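The following block contains a protein sequence and its predicted model.
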Amino acid sequence: MFIWIFLSAAVIMVNKYVLSMSGFPYPVALTCTHMGFCSILAFVLVKGGFVEAVNITADTYLSCILPIGLLFAGTLWLGNAAYLYLSVSFIQMLKASMPMVVFVVGVGFATEKFTTRVALNMVVVGTGIAIASYGEIHFVVVGVLLQVGSIATESVRLTLVQILLQKRGIKMNPVSTLYHIAPCCFVFLFLPFIYIELPKMVNDPNLNVNIPLLLLSAACAFALNMSVFLLIGKTSALTMNVAGVIKDWLLILLSVVLYGSPVTRTQLFGYGLAFLGVMYYNYAKVEQMKASAAAAAKAPEKQPLVESGDQGKSDNA
């Protein structure tokens, strides 16, 4: 849990420094570096026999991997671009709206069931985010729209992962995921890089390409994916949710201490309200998972109650 929190915070803080302070304000180029680095490392690990990759058919790749890769590229691009306009602390507050957007998208795709209780819970989260946004001193509309777009694409991506991969019974570890998704994500990012950012970089007299810093950022991003696998494998979803809360508060503190980001009392009140809503939502989801698991565990116990004659009819049917 400590490793995951550290790496997650490191990726965000390093990306913020690279894009806003190091003379490299090019989020697509930075994201391309990450995806290229992850693609190469994943390829070496798979082909070297260190990790076994899941075999993907051409149909699955076209119908599942490509859409997910496109959305992942959009999430990374828009999310990194937001660092050019907004503070890390405010971005973390906006990210608290993720469960609300995932719920709305899930209802639209019929992966989530609409209930009044959850809807009211999401209203509380949305109200908290609105209050936090109202209290932001350096509110930049473009930055907020970029971050909202990143949250939206990530929510659709998570929903598609559930629909396209889980329903097909495809389970991939982080290395296998990067092995399949990172290359197509790199291609989707490389096109806008060539036509949008590269001409600007060529004509930018203040451009500072700090290769060690870019490699450090890419290495942190790859290590973060590995730590997610470690965290989920060694703990539980509840532990990861708790760790996520600790990480968010830590990033807000680091943003204030290291980058001098102003945080008002109105923001803290709004974020606190959204935080309580998110925690209740996570608690309800975990309780729902426990109830489903308990029901599944009791189901086989009812099997002996079925008479042999009825069982034979069922088998024949």
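Cool, got the structure.

Return the list of helices and strands in contact with whichever strand or helix holds residue 183.
Assigned by DSSP states H and E, residue 183 falls within helix 174-192. Using 3 or more C-beta pairs under 8 Å, 6 or more residues apart in numbering; DSSP states H and E, the elements in contact with helix 174-192 are helix 27-47, helix 66-82, helix 211-234. Where you see a C-beta, it was placed from the backbone N, CA and C, and this is true even at glycine.

rank those by pLDDT, which is bottom?
Among the helices and strands packed on helix 174-192, helix 211-234 carries the lowest mean pLDDT, a mean of 84.

can you list contacts of it?
With contact meaning C-beta atoms under 8 Å, 6 or more residues apart in numbering, helix 211-234 is reached by 1, 3-4, 7-8, 10-11, 14-15, 17-18, 22, 24, 30, 33-34, 36-38, 41, 173-175, 177-178, 239-240, 243.

which residues sit against the next helix or strand after it?
Note on helix 211-234: by DSSP H and E, the next helix or strand toward the C-terminus is helix 237-259. Helix 237-259 has contacts (C-beta under 8 Å, 6+ apart) with 1, 4-5, 8-9, 12-13, 16, 87-89, 92-93, 95-96, 231-232, 261-263, 271, 275, 278-279, 282, 286, 289.

What of stretch 64-80?
Identification of contacts with stretch 64-80 by C-beta under 8 Å, 6+ apart yields 15, 19, 27-28, 30-31, 34-35, 56, 146-147, 149-150, 153-154, 156-157, 160-161, 164-165, 168, 170, 180-181, 184-185, 188-189, 192.

If you go by neighbour count, which of those residues are buried?
Buried members of the contacts of stretch 64-80, counted by 16 or more other C-beta atoms under 10 Å: 15, 19, 27-28, 30-31, 34-35, 56, 146-147, 149-150, 153-154, 156-157, 160-161, 164-165, 170, 180-181, 184-185, 188-189, 192.

All set now, cheers.
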